[in-house]
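Engineer: sequence and predicted structure below; questions after.
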Amino acid sequence: MSAFSYTSMLASIIIGLALVDILMSFNRLIRAGKAVRWHWAAPAATVVVVMTVMQIWWGLYRPEADSTTIGQFLLAFVALVILFLLAAAALPDEVPAEGIDLKAYYHRNGQYFWGLFTALLAWLLLLDAIAAAIDGALLAFLLDRIIDLVVLLVFTSLIFVRRLWWHAIAMLLLSSGPIAWLSRSLG
């Protein structure tokens with residue numbers, strides 16, 4: 001068994017658990033019926049998370065990476081932990097007897113949720129920037145990843161800006177990356 005095969009099993013389990021958490025929370029919301037006051041923001045943010053999870057899971061496939069070290073895996077593991085926490089924060093875990101308002105949940109949870117998204121992208125960019133700096137190509141990396149840096153600013157803005165119109169625009173922008181990736185990957 002290669003190092004890639006060995007480490008990708010744990011990564012797939014963590015990603016699978018993240019998706020299971022989302023699905024279980026969604027199931028609880030549906031089963032709660034009228035006890036849930038639905039609002040677009042939390043489900044829309046959850047769709048962005050699911051697309052991101054799928055994109056990261058598919059991006060982990062690197063069969064040529066047979067020489068993965070424990071150090072390299074631990075760096076990836078940090079991203080997987082953040083990704084799991086992000087998925088777990090997307091929807092409420094329980095629906096109290098008195099019901100739940102998803103708009104209020106989204107506002108209460110927003111800083112934590114978007115903070116996790118920001119941390120995830122910042123961590124991934126930091127790892128790539130360090131590798132580029134070691135190769136002496138940091139400036140080329142920054143120029144090549146300008147769109148990712150803009151996305152990082154959008155994620156960061158969602159931590160502080162509470163206007164739902166901005167969240168709607170931002171989620172549309174943020175979902176365009178995974179949608180473009182998926183459309184290229186389907187063929």
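Structural biologist: Looks like it arrived, so ask away.

Engineer: contact partners for Thr68?
Structural biologist: Under the criterion of Cβ atoms under 8 Å, 6 or more residues apart in numbering, the contact partners of Thr68 comprise Ala3, Phe4, Thr7. (Each C-beta comes from the backbone N, C-alpha and C, glycine too.)

Engineer: from Ala140, how far off is Ile146?
Structural biologist: Distance check for Ile146 against Ala140: by Cβ to Cβ, to the nearest Å, it reads 11 Å.

Engineer: output the helix or strand of the chain with the lowest mean pLDDT as PDB, nothing but the C-alphas.
Structural biologist: Within the chain, confidence by mean pLDDT, DSSP states H and E is lowest for helix 164-185 among all helices and strands, at a mean of 89. As requested, C-alpha coordinates have been extracted for helix 164-185 and formatted as PDB (Å, rounded to 0.1, in the frame of the first residue of the first chain):
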ATOM      1  CA  LEU A 164     -27.700  39.700   3.700                       C
ATOM      2  CA  TRP A 165     -27.600  41.300   0.200                       C
ATOM      3  CA  TRP A 166     -23.800  41.200   0.400                       C
ATOM      4  CA  HIS A 167     -23.900  37.600   1.600                       C
ATOM      5  CA  ALA A 168     -26.100  36.700  -1.400                       C
ATOM      6  CA  ILE A 169     -23.700  38.300  -3.900                       C
ATOM      7  CA  ALA A 170     -20.700  36.800  -2.100                       C
ATOM      8  CA  MET A 171     -22.200  33.300  -2.100                       C
ATOM      9  CA  LEU A 172     -23.000  33.600  -5.900                       C
ATOM     10  CA  LEU A 173     -19.400  34.700  -6.500                       C
ATOM     11  CA  LEU A 174     -17.900  32.000  -4.200                       C
ATOM     12  CA  SER A 175     -20.000  29.200  -5.800                       C
ATOM     13  CA  SER A 176     -18.800  30.200  -9.300                       C
ATOM     14  CA  GLY A 177     -15.400  28.600  -8.600                       C
ATOM     15  CA  PRO A 178     -16.600  25.200  -7.600                       C
ATOM     16  CA  ILE A 179     -19.300  25.300 -10.300                       C
ATOM     17  CA  ALA A 180     -16.600  26.100 -13.000                       C
ATOM     18  CA  TRP A 181     -14.400  23.300 -11.600                       C
ATOM     19  CA  LEU A 182     -17.300  20.900 -11.700                       C
ATOM     20  CA  SER A 183     -18.300  21.800 -15.200                       C
ATOM     21  CA  ARG A 184     -14.700  21.200 -16.400                       C
ATOM     22  CA  SER A 185     -14.600  17.900 -14.500                       C
END
